[in-house]
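Peer 1: what's the 3D shape of this:
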Amino acid sequence: MMWVAGVRALYFQALHPRAVRGVIQNSDFRKEAVGRLMRTENFVGTTTYGTTDAAEKAGARVRKIHRMLSAVDPDTGERYGVDEPELLLWVHCAEIDSYLHILRRSGYPITDAHADRYIREHLVSARLVGLDPDAVPANQAEMRAYFEKVRPELAVGADAREVDDFLRRPPTHPLLVPAREVLWRRVAQLAYASLPPYAHELYGRAAAEPATVTRQLRATGTLLRRIPARLRWQLPPKHVLRAMSRLGPGSRPAPYKLGG
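Peer 2: Numbers count the residues shown, from 1 in each chain. Here you go, the predicted structure:
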């Protein structure tokens, strides 16, 4: 379900005008979308399953890139760095919330204690991208409070519309258009529909009723979890298999221990 969650995070992140402006002004995401997604996937895979050294190096690369980038507010002329703490915090929270929200809503048995621990463990990934862990939500209650606090700052302008248009109809080779319509459109629709109602209001596009979306997510999650584990563990690219090999016989990803 990471792909659905990842697209939800992109929709969510684009609601912050200063954050999405930094993306639009520093990249041609329409041409390099696959590369950006794969780099994000690799970072998440490394920080989740890689060694401490690999995770620290991945974080250092991200911080170095962010330090070199800036954006300009077209209304005020203000130039600001994309590594401003408030922007990094928004991107972090939208991403972590999306992963957790989609996985739980798709029927995976995560308790409130598991969810709080997941958020708390991601204080490490927050530090790796340049945030002070003490300023980052460490549980569900703090995450909800953060979103309530930042909500008045959210808006949908031309930059967010561009992201929305891209996610609905990403450029692709003519021969792959049928696959985009069958597969990608479902992912994008589910991701958008799973956003909170106020996000739908900001984008100005209606979504299915929450109960319907939950049923669709559960059906999708149930189907995808029937794919043989060893095949699923190839994504992100073999991070899981490398971790299992490094840790020795009998090791398995943490989700397999949740039931215990």
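Peer 1: right, and residue 130 touches residue 66 too?
Peer 2: Yes. Under the criterion of C-beta atoms under 8 Å, residue 130 makes contact with residue 66 at 6.6 Å. (C-beta placed from N, C-alpha, C; glycine too.)
Peer 1: Can you check which residues contact both of those two?
Peer 2: 83, 88 (C-beta atoms under 8 Å, 6 or more residues apart in numbering).
Peer 1: name the helices or strands packed onto the host helix or strand of residue 21?
Peer 2: Residue 21 is located in helix 17-26, with elements delineated by DSSP states H and E. In terms of contacts (3 or more C-beta pairs under 8 Å, 6 or more residues apart in numbering; DSSP states H and E), helix 17-26 is packed against strand 70-72, helix 85-105, helix 158-168.
Peer 1: Could you say which of those is packed most deeply?
Peer 2: Each of the helices and strands packed on helix 17-26 was scored by mean neighbour count; the highest is helix 85-105, a mean of 21, by mean count of other C-beta atoms under 10 Å.
Peer 1: what's in contact with stretch 64-80?
Peer 2: Residues beyond stretch 64-80 that count as contacts (C-beta under 8 Å, 6+ apart) turn out to be 18, 21-22, 25-26, 81-83, 88, 129-130.
Peer 1: May I see the buried residues of that stretch?
Peer 2: Of the residues in stretch 64-80, 66, 71, 80 count as buried by neighbour count, 16 or more other C-beta atoms under 10 Å.
Peer 1: Out of those, flag the one nearest to residue 98.
Peer 2: residue 66 (20.3 Å; C-beta to C-beta).
Peer 1: what about the closest one, helix or strand, and which?
Peer 2: With DSSP H and E as the test, residue 66 turns up in helix 52-67.
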